[in-house]
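>>> okay, here's the prediction I keep looking at, along with the sequence it came from:
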Amino acid sequence: MEEHQNLESFLTWAAKLGISDSTTTNHPQHSLSSSLSLSNFPHSGGRGLGAVRDLKRGELILKVPKSALMTRDSVMEDKKLCFSVNNHSSLSPTQILAVCLLYEMGKGKTSRWHPYLMHLPQSYDILAMFGEFEKHALQVDEAVWVTEKAVLKAKSEWKEAQALMEELKLKPRLLTFKAWVWAAATISSRTLHVPWDEAGCLCPVGDLFNYDAPGDEPCSIGDGEDLLSNSSVHVTDLSNGGNTMLVDSEQLDSHSQRLTDGGFEEDANAYCFYARANYKKGDQVLLCYGTYTNLELLEHYGFLLHENPNDKVFIPLEPAVYSSSSWSKESLYIHHNGRPSFALLAALRLWATPQNKRRSVGHLAYAGSQLSPENEIFIMKQLSKICHAVLHNMPTCIDDDNLLLNAIDCQDFYTFMDFTKLMSSKDEIYTFLEAHNMKDAHSFTDKILSKNTRRCMDRWKWAIQWRVRYKKVLVNCISYCNEILDSFMK
Ligand SMILES: C[S@@+](CC[C@H](N)C(=O)[O-])C[C@H]1O[C@@H](n2cnc3c(N)ncnc32)[C@H](O)[C@@H]1O
């Protein structure tokens, strides 16, 4: 009830700032009055925006005036903050935005954005906050390494910003690493790209759209993988570790040739959001924040997609594969459907060609052509062998992972243990039970209801879901190789 009232006052506050989903120019009392409504979508993002009527692709559905956006500039209209920030020029734009956010939080009810700040999540499940145990549950070195790097980065950025935060006399609870992680996660998962600030902006109401991957919409440019990855114009400056939600060039509506997602429009002096598809009344209205692999989604947003057309799986390759062609390491991967990337196929074909013949067939390999049946058979066997080896070296198999996912959903100790008994490898589950002091029915029942344990289990679940997707891609790649090999036998 209280939450509902808070929500109402947030949307009334938003309407006063001119945030509106209405296409007419009258000033509604409530920012969501004619196109969208706030709803819960338990299987795709939780809180999100739904269509209150049928929406047409390309239709303007939400407008957030510049004056309502929370940016470094708008927060730094506060003279004291501005003065102090100017003495700390070595901090990055994202670090400064994090300080601005914590500074505004410290103002409590006197903050201009108080109703908005009250609606931000209180905690996040972003990869950087996965604990030691869940990190290892990822099982893939590359993924564990990404997590470790994210934690180290957050720690060093927090330390660098300490002097400024102390100078601003932030309350002790806002000076903690926990508070910093909260601010960094808010920025990582909610900022939108703006052309004038690489840290991006926080956009009240506009940041309630949940994510849809590019590539699924009706007029996408097919699955011309390498073409597609180049056509994604990331407007954000990722070199700064910034991670603003953005719009891809491939989302240009083929009919109207205008963006079907959103962006800041100078003419309107507002952030404008457009329907990216036709929606029926009641559907969730989604936004594409960019092109992400599942690991990147976990790292920056704390979720993954079971069907992610942009997922990529990297496998260990011999150094000679990397040096056999000029393709970058990042382009040598396996697609979500198990197909090797264009570059991986070409690099393998050249690698399997005797060095003195590579020059003469290079043009064919770079054009994506097979070089000979023998060459193709050899590389398919090699690729399949690598995938088998990676799968074999993982501590658990997909069946065990699925049993583990079922066990994690259990609230009852005995059902939990029934699933465990079916697993061939039980180490992970015992380590978890031990670490959380849940080894018998009594302590299990006690702990399973605690918020902290539930959160740890939810994160553990994300980690397992990620590695299941990873393994499935490898299994699909093996099937792909077998299909090609079979076609040569006919
Ligand atoms: C910009 S916010 C979207 C609104 C958010 N659901 C809220 O309650 O404020 C982005 C966050 O929403 C969640 N999210 C967005 N899209 C999702 C999806 N397709 N599946 C699961 N979670 C999603 C993730 O937690 C992500 O970090």
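It's in.

>>> what's opposite N210 in the beta bridge?
Under DSSP bridges, the beta-bridge partners of N210 are L286.

>>> which non-adjacent residue is nearest the closest residue to the ligand within the stretch 51-200 of the chain?
Relative to the ligand, the nearest point of the stretch 51-200 of the chain is S189 (3.6 Å; C-beta to the nearest ligand atom). Quick note: C-beta positions are derived from backbone N, CA and C, even for glycine. Distances taken as C-beta to C-beta, 6 or more residues apart in numbering place Y301 nearest to S189, at 4.9 Å, with adjacent residues excluded.

>>> sorry, back to before: contacts only, for the residue of the stretch 51-200 of the chain closest to the ligand.
Counting by C-beta atoms under 8 Å, 6 or more residues apart in numbering, S189 makes contact with Y124, I126, H300, Y301, G302.

>>> circling back: pretty sure the residue nearest to S189 sits against L127.
No: contact between Y301 and L127 fails when scored by C-beta atoms under 8 Å: they sit 9.1 Å apart.

>>> that older thread, please report how far the residue nearest to S189 lies from T147.
The gap separating Y301 from T147 is 14 Å, by C-beta to C-beta, to the nearest Å.

>>> returning to what we had before: got the contacts of S189 as JSON lines, with neighbour count, secondary structure and distance to the ligand columns?
Listed next are the contacts of S189 as JSON lines, based on neighbours: other C-beta atoms under 10 Å; DSSP: H, G, I helix; E, B strand; the rest coil; distance: C-beta to the nearest ligand atom, whole Å:
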{"residue": "Y124", "neighbour count": "19", "secondary structure": "coil", "distance to the ligand": "7"}
{"residue": "I126", "neighbour count": "25", "secondary structure": "coil", "distance to the ligand": "7"}
{"residue": "H300", "neighbour count": "21", "secondary structure": "helix", "distance to the ligand": "8"}
{"residue": "Y301", "neighbour count": "23", "secondary structure": "helix", "distance to the ligand": "4"}
{"residue": "G302", "neighbour count": "22", "secondary structure": "coil", "distance to the ligand": "5"}
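
>>> identify the single longest helix in this structure, thanks.
Criterion DSSP state H: the longest helix present in the chain is helix 451-489.

>>> tell me the mean pLDDT for it?
The average pLDDT within helix 451-489 is 95.

>>> mind giving me the packing neighbours of that helix?
Applying 3 or more C-beta pairs under 8 Å, 6 or more residues apart in numbering; DSSP states H and E, one finds that helix 451-489 contacts helix 132-137, helix 141-167, helix 294-301, strand 312-313, strand 334-335, helix 373-393, helix 398-408.

>>> which parts of the longest one are buried?
Applying a neighbour-count criterion of 16 or more other C-beta atoms under 10 Å, the buried positions in helix 141-167 are A143, V144, V146, T147, A150, V151, A154, E157, W158, A161, L164, M165.

>>> can you pull the contacts of the closest residue to the first one other than its chain neighbours?
This means A143. In space, and not counting its chain neighbours, A143 is closest to L295: 5.7 Å by C-beta to C-beta, 6+ apart. Taking C-beta under 8 Å, 6+ apart as the criterion, L295 is in contact with L127, E142, A143, V146, W466.

>>> roughly how far does the last one sit from the ligand?
Separation of W466 from the ligand (C-beta to the nearest ligand atom, to the nearest Å): 13 Å.

>>> what about the strands in the stretch 201-350 of the chain?
210-211, 262-265, 270-274, 284-287, 312-313, 334-335 (DSSP state E, counting those that start in this stretch).

>>> of all those strands, which one is nearest A137?
Nearest to A137 among the strands of the stretch 201-350 of the chain is strand 312-313; the distance by C-beta to C-beta comes to 17.4 Å.

>>> now for that closest one, which elements pack on it?
With 3+ C-beta pairs under 8 Å, 6+ apart as the test, strand 312-313 has strand 334-335, helix 451-489 packed against it.

>>> of all these, which one is nearest L138?
When the helices and strands packed on strand 312-313 are compared by C-beta to C-beta, helix 451-489 sits nearest L138, at 5.0 Å.

>>> do you know the pLDDT at the residue of the stretch 51-200 of the chain closest to the ligand?
pLDDT for S189: 95.

>>> what's the next secondary structure element after the secondary structure element (helix or strand) that it belongs to?
S189 belongs to helix 177-190 when assigned by DSSP states H and E. Moving toward the C-terminus from helix 177-190, the next helix or strand (DSSP H and E) is strand 192-194.

>>> what parts of this structure come near the ligand?
Residues of the chain lying near the ligand by C-beta under 6 Å from any ligand atom: 44-48, 121, 189-190, 207-208, 210-211, 301-303.
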